[in-house]
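1. The following comprises the amino acid sequence and a computationally predicted model.
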Amino acid sequence: MNSTDILHSQVVPPQDSYWVQVEEISKAHVSLNYAEQLWLAWYTYMQNDVLATGIMSFVMHEAIYFGRSLPWIIIDLIPYFRRWKIQANKIPTAKEQWQCAALVFLSHFTVELPQIWLFHPTAQYWGLSTTVPFPSVLKMAYQICIFFVMEDAWHYWSHRAMHWGPLYKYIHKIHHQYSAPFGLAAEYASPIEVMCLGIGTVGSPILWCAITKDLHILTMYVWIVFRLFQAIDAHSGYEFPWSLHHFLPFWAGAEHHDEHHERFIGNYASSFRWWDYVMDTESGPEASKRRRERKIAKQRAMKKVQ
Ligand SMILES: [Zn+2]
Ligand SMILES: [Zn+2]
């Protein structure tokens with residue numbers, strides 16, 4: 001019996017309807033905030049933590065993925081926004097968007113659903129907390145920042161590896177079907193790729209928890225929501241004057257990843273620009289110019305020595 005079960009059985013018995021459960025929980029746990037009451041009611045009502053987490057994860061993933069992609073689909077339909085489209089001549093057609101959404105949805109059911117189901121036992125094995133009260137916002141924020149840095153490092157190296165001949169040909173090529181990406185295309189990829197890159201998203205918090213023994217499953221959810229936003233926005237195809245990387249110069253954003261899809265080389269990282277900068281794999285005309293200038297300067301220096 002885990003801690004959540006103890007909490008369930010000791011206080012409020014399971015009810016027939018979720019909303020009755022919420023009512024009972026709110027009477028018994030006045031000190032909890034509304035979100036915490038909803039959370040506890042869900043686990044109490046379900047009486048099966050694996051199923052409760054599995055359903056919640058899957059519904060959340062679908063709602064966020066398609067919910068976040070929807071504004072980008074609408075933006076693609078409005079000509080006014082073309083001025084900020086990075087590859088302005090490549091607007092995805094309705095057919096392309098539809099085909100992409102259908103494949104992503106199918107892969108969520110076949111590939112990601114079993115993984116999401118396995119998530120709770122794995123999380124519990126490594127000691128993730130599912131109880132209430134929730135951790136503080138400050139703690140969630142700093143842990144999420146750490147996950148962004150960890151995932152970005154994993155993403156850089158595994159994505160770079162996927163551009164190696166055979167891996168590209170058999171795995172990563174699918175993701176590069178769209179040379180001008182759009183929001184929905186973020187998870188348009190081979191199941192092997194989804195699994196491999198997913199290790200960075202799910203594995204980073206699990207590794208953190210294995211080391212520190214201090215992680216709440218809600219923090220993990222919020223992290224995954226941010227990570228989905230990051231991936232979808234990076235594929236949006238739009239660069240606005242108010243895009244995040246204008247304020248945070250090391251943030252990658254759509255400009256960074258669009259270049260990767262257009263040129264098929266360089267800009268391998270997901271959230272930040274530092275790995276591509278340090279490893280000299282930046283993509284685009286400016287980076288090529290810098291590289292050329294460096295080469296010329298080196299040749300000149302060599303001549304001087306001779
Ligand atoms: Zn790639
Ligand atoms: Zn991509």
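-> Ah, there it is. Ligands and ions are numbered 1, 2, ... in the order given.
2. distance of His120 from Leu128?
-> 9 Å (Cβ to Cβ, to the nearest Å). Quick note: C-beta positions are derived from backbone N, CA and C, even for glycine.
3. neighbour count winner among those two?
-> Leu128 (24 against 21; other Cβ atoms under 10 Å).
4. who's in contact with that one?
-> Applying Cβ atoms under 8 Å, 6 or more residues apart in numbering to Leu128 gives the contacts Pro205, Ile206, Cys209, Leu215, His216, Ile217, Met220.
5. you'd agree Glu24 is up against Asp16?
-> No. Between Glu24 and Asp16 there is no contact under Cβ atoms under 8 Å: 11.1 Å.
6. More neighbours: which of those two?
-> The neighbour count for Glu24 versus Asp16, taken as other Cβ under 10 Å, is higher for Glu24 (19 against 7).
7. how about the nearest residue to the more buried one, chain neighbours excluded?
-> Val12 (4.8 Å; Cβ to Cβ, 6 or more residues apart in numbering).
8. Val225 versus the one you found, what's the distance?
-> Taken as Cβ to Cβ, the span from Val12 to Val225 is 28 Å.
9. Among these two, which residue is more densely surrounded?
-> Val12 (20 against 16).
10. And the helices in this structure?
-> 3-10, 18-28, 34-46, 49-77, 94-107, 113-125, 137-162, 165-170, 191-212, 217-234, 253-263, 274-278, 285-305 (DSSP state H).
11. So which of those helices is nearest Ser243?
-> Ser243 lies closest, by Cβ to Cβ, to one member of the helices of the chain: helix 253-263, at 5.4 Å.
12. For the closest one, buried residues please.
-> Gly253, Ala254, Glu255, His256, His257, Asp258, Glu259, His260, His261, Glu262 (16 or more other Cβ atoms under 10 Å).
13. chain center to it, what's the gap?
-> 17 Å (Cα atoms, centre = their mean, to the nearest Å).
14. on contacts alone, who are the packing partners of it?
-> Helix 253-263 is packed against helix 217-234, with contacts defined by 3 or more Cβ pairs under 8 Å, 6 or more residues apart in numbering; DSSP states H and E.
15. So which residues make contact with the helix it packs on?
-> By Cβ under 8 Å, 6+ apart, helix 217-234 touches 39, 53, 56-57, 60-61, 64-65, 68-69, 72, 123, 128-130, 134-135, 139-140, 143-144, 147-148, 151, 183-184, 186-187, 201, 205, 252-254, 256-257, 270-271.
16. and it, what's its mean pLDDT?
-> For helix 217-234, mean pLDDT rounds to 94.
17. residues touching His235, list them.
-> His235 touches Pro181, Phe182, Gly183, Leu184, Ala185, Ala186, Ala254, His257, His261, counting by Cβ under 8 Å, 6+ apart.
18. got a list of what the first one touches?
-> Read it as Pro181. By Cβ under 8 Å, 6+ apart, the neighbours of Pro181 are His235, Ser236, Gly237, His257, Asp258, His261.
19. Same list, those residues, but as a markdown table with distance to Ala102 please.
-> Compiled in a markdown table, the contacts of Pro181 are given as follows (distance: Cβ to Cβ, whole Å):
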| residue | distance to Ala102 |
| --- | --- |
| His235 | 17 |
| Ser236 | 20 |
| Gly237 | 20 |
| His257 | 23 |
| Asp258 | 23 |
| His261 | 20 |
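20. nearest to Trp164, of these?
-> Among the contacts of Pro181, and counting by Cβ to Cβ, the member closest to Trp164 is His261, at 17.8 Å.
21. mind checking pLDDT for the closest residue to the closest one other than its chain neighbours?
-> Using Cβ to Cβ, 6+ apart and skipping residues adjacent in sequence, the residue nearest His261 is Pro181, 4.8 Å away. On pLDDT, Pro181 comes in at 89.
22. any idea how far Ala88 is from the residue lying closest to Arg263 once chain neighbours are set aside?
-> The shortest distance from Arg263 to any non-neighbouring residue, by Cβ to Cβ, 6+ apart, is to Ser283 (5.2 Å). Taking Cβ to Cβ as the measure, Ser283 falls 19 Å from Ala88.
23. Which one's more surrounded, the two?
-> Taking neighbours as other Cβ under 10 Å, Ser283 and Ala88 compare with Ser283 leading, 21 against 11.
24. His257 is in contact with the more buried one, correct?
-> No. Judged on Cβ under 8 Å, Ser283 makes no contact with His257 at a distance of 9.5 Å.
25. any common contacting residues for the two?
-> Asn267.
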